[in-house]
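**Student:** Sequence and computational prediction follow.
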Amino acid sequence: MQTGTPDRILRLGAVLNRTGLTRSTLYRKIHTGTFPKQVRIATRCTGWRESAVSDWMRDPLCYSVDDHAGD
């Protein structure tokens, strides 16, 4: 998703707040490939690309990491 603005990195709290998922559901969905994977931003710090979370929110039931691998 190219918008001309830099893609923000969202931390866990922001992702949970935006999606309404619980922490355990979020990690289960990541494991099954039905939610975007985390990106490492420091040694002990990860987050999610805002564009990837937005893509998931557009169609959460049909989202697949495999479909968005090249994004």
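**Tutor:** Good, I have the coordinates. Numbering: from 1, shown residues only.
**Student:** Tell me what residue 39 is bridged to.
**Tutor:** residue 47 (DSSP bridges).
**Student:** mind listing the helices for the chain?
**Tutor:** Ranges of helices in the chain, per DSSP state H, are 12-19, 23-32, 50-58.
**Student:** List just the one of those that sits closest to residue 44.
**Tutor:** helix 12-19 (12.7 Å; Cβ to Cβ). No exception for glycine: its C-beta is placed from N, CA and C like everyone else's.
**Student:** Can you check which of the helices of the chain gets nearest to residue 6?
**Tutor:** Comparing those by Cβ to Cβ, helix 50-58 comes nearest, at 9.5 Å.
**Student:** Next, the angle helix 12-19 makes with that closest one.
**Tutor:** Per axes from the mean of the first three to the mean of the last three Cα atoms, to 10 degrees, the angle that helix 50-58 makes with helix 12-19 is 30 degrees.
**Student:** Between helix 23-32 and helix 50-58, find me the angle.
**Tutor:** Inter-element angle recorded for helix 50-58 and helix 23-32: 100 degrees (by the same axes, to 10 degrees).
**Student:** Sort out which residues of helix 50-58 are buried, please.
**Tutor:** For helix 50-58, a neighbour-count test (16 or more other Cβ atoms under 10 Å) marks 50-53, 55-56 as buried.
**Student:** pull the CA atoms of that helix into PDB?
**Tutor:** Only the C-alpha atoms of helix 50-58 are listed here, as PDB (Å, rounded to 0.1, in the frame of the first residue of the first chain):
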ATOM      1  CA  GLU A  50       0.100   0.200  10.200                       C
ATOM      2  CA  SER A  51      -0.700  -0.500   6.600                       C
ATOM      3  CA  ALA A  52      -0.700  -4.300   7.200                       C
ATOM      4  CA  VAL A  53      -3.100  -3.900  10.200                       C
ATOM      5  CA  SER A  54      -5.300  -1.600   8.000                       C
ATOM      6  CA  ASP A  55      -5.400  -4.300   5.300                       C
ATOM      7  CA  TRP A  56      -6.400  -6.900   7.800                       C
ATOM      8  CA  MET A  57      -9.200  -4.600   9.200                       C
ATOM      9  CA  ARG A  58     -10.700  -4.200   5.700                       C
END
